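Asker: following is a predicted model, sequence given first.
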Amino acid sequence: MNKLLLATSAAALLSMGAAHAEDIKIGVILGFTGPLESITPAMGDGAELAIKEVSDSGKLLDGSTVTAIRGDSTCIDAGAAAAAAERLITSDGVSAIMGADCSGVTGAILSNVAVPNGVVMISPSATSPGLSSAEDNGLFFRTAPSDARQGVVMTEILIEEGINEVAVSYVNNDYGKGLADAFIAAYEAAGGKITINAAHEDQKADYSAEVGALAAAGGDRLVVAGYVDGGGSGIVRAALDTGAFDTFHFPDGMVGSKLEENFGSDIDGSTGQLPGTDSPGADKYAELVNGAFDHTGAFSAESYDAAALIMLAMQAAGSSDSTVFKDKVMDVANAPGEPIYPGELAKALELIAAGTDIDYVGASAVELIGPGESAGNYRQIMMQDGKIETAKFR
């Protein structure tokens, strides 16, 4: 009789657990078209790799499955990005958003869609310093560092290279202006000279006028704070064709395979940086990807980490409701706790369920500070024999 009662009770508990399982949906909103479309595929693949890892484990919230649903931010069209995010939330029923990518569209989605609907966003690549103070109701996080940090790193690289005088061309949006301002403040404080700081519009057919002004101002190197699939490459091409500059410095939005395809050895000796780390998690991420896509692509590791943090926070909160699990994102991302690396998400879910603290290190050595943003690690690159080569990590 007692055995029968125990068996019945166990069956009831299993039934209750199954009843709580959900099909959780996470939006992956990135610029699948637009001026970052060559960088975006490895970002989407990174996020979806984490989502599949968790879903296949069956260990999230009583065996819930997780499905990724993509939306196109376009990177530059705030209206289209907000509409895509609205569809993800109202029509597809996503519980959170991994994204967006570019700073302007990320800010538009945050203020117009995510905050009014109470939905968590974790961006892997929106770097504008302005987002640090955005009104977000505790819903917005990012696994990429602010450009306030990137401006300092750019300065360190150029000064160490002996480059004490530069011209700056930046894309005329939140990303470009925020980065240019941060860089100029740091560079001038370090004794560097800015010969000209000029905006360029994206996706123009002809940049000869812009490059003429840059050439007239001169400089030891041209800093191009733009997009590799957009006007940034247009500026570089016009500069090369006219002989205005032959070496450049490239921030993160310019560092991708298209840089090699577009210019090859013509820009040998150029430098740059993008978020990246040589931490143990980076190696584990490479092993996990196993050649399925470019794990070294800009913001791919950060995308894996952004998606992972969403799901680990859900587990910690015991809920897929953004207004509940938003308060757990910082907890799972930071010490103290058991370090968690790529490929260990099932282990992390088990530890959380058992009441054990975790410290998600991830693929990009995540450490969230201040208003929920990454402290920041960078991969310094140089162009050599037409290829992007790693010089060092910072």
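Answerer: Perfect, I can see it now.
Asker: from memory Ile358 sits against Leu345, does it?
Answerer: No - at 10.2 Å, Ile358 does not count as touching Leu345 under the criterion of Cβ atoms under 8 Å. C-beta coordinates here come from the backbone N, C-alpha and C atoms, glycine included.
Asker: who has more neighbours out of the two?
Answerer: Neighbours were tallied for Ile358 and for Leu345 using other Cβ atoms under 10 Å; the higher tally belongs to Leu345 (29 against 25).
Asker: name the residues contacting each of Ile358 and Leu345.
Answerer: Counting by Cβ atoms under 8 Å, 6 or more residues apart in numbering, the common neighbours of Ile358 and Leu345 are Leu312.
Asker: report the central residue of this protein.
Answerer: By Cα atoms, centre = their mean, the chain has its centre lying nearest to Pro124, at 2.0 Å.
Asker: so what does whichever strand or helix holds Gly27 touch, helix or strand wise?
Answerer: Here Gly27 sits within strand 23-30, counting by DSSP states H and E. Strand 23-30 sits against helix 40-57, strand 65-72, helix 78-90, strand 96-99, helix 300-317, with contacts defined as 3 or more Cβ pairs under 8 Å, 6 or more residues apart in numbering; DSSP states H and E.
Asker: deepest of those, which one?
Answerer: Most buried of those by mean neighbour count (mean count of other Cβ atoms under 10 Å) is strand 96-99; its value is a mean of 32.
Asker: contact partners of it?
Answerer: 26-30, 47, 68, 71, 73, 85, 88-89, 106, 109, 114, 119-124, 303, 306-307, 310, 320, 322, 325.
Asker: what count of nearby residues applies to Gly218?
Answerer: 14.
Asker: so who does the closest residue to it other than its chain neighbours touch?
Answerer: Leaving aside its sequence neighbours, Gly218 sits nearest to Thr195 (Cβ to Cβ, 6 or more residues apart in numbering; 5.5 Å). Applying Cβ under 8 Å, 6+ apart, we find Thr195 in contact with Glu165, Val166, Ala167, Ala217, Gly218, Gly219.
Asker: and Thr195, which of the three is it?
Answerer: strand (DSSP: H, G, I helix; E, B strand; the rest coil).
Asker: likewise for the one 4 residues further on?
Answerer: Three-state assignment for Ala199 (three-state DSSP): strand.
Asker: for the closest residue to it other than its chain neighbours, phi and psi?
Answerer: Distances taken as Cβ to Cβ, 6+ apart put Asn172 closest to Ala199, at 3.9 Å, once the chain neighbours are dropped. Recorded main-chain torsions at Asn172 are phi -80, psi 70, according to degrees, to the nearest 10.
Asker: for Thr143, same thing?
Answerer: According to degrees, to the nearest 10, Thr143 has phi -90, psi 0.
Asker: residues contacting the closest residue to Pro145 other than its chain neighbours?
Answerer: In this structure, Pro145 finds its nearest non-sequential neighbour in Gly376, 2.7 Å apart by Cβ to Cβ, 6+ apart. Gly376 sits next to Ala144, Pro145, Ser146, Arg149, Gln150, Val153, Pro275 when contact means Cβ under 8 Å, 6+ apart.
Asker: I am finished for the moment; much appreciated.
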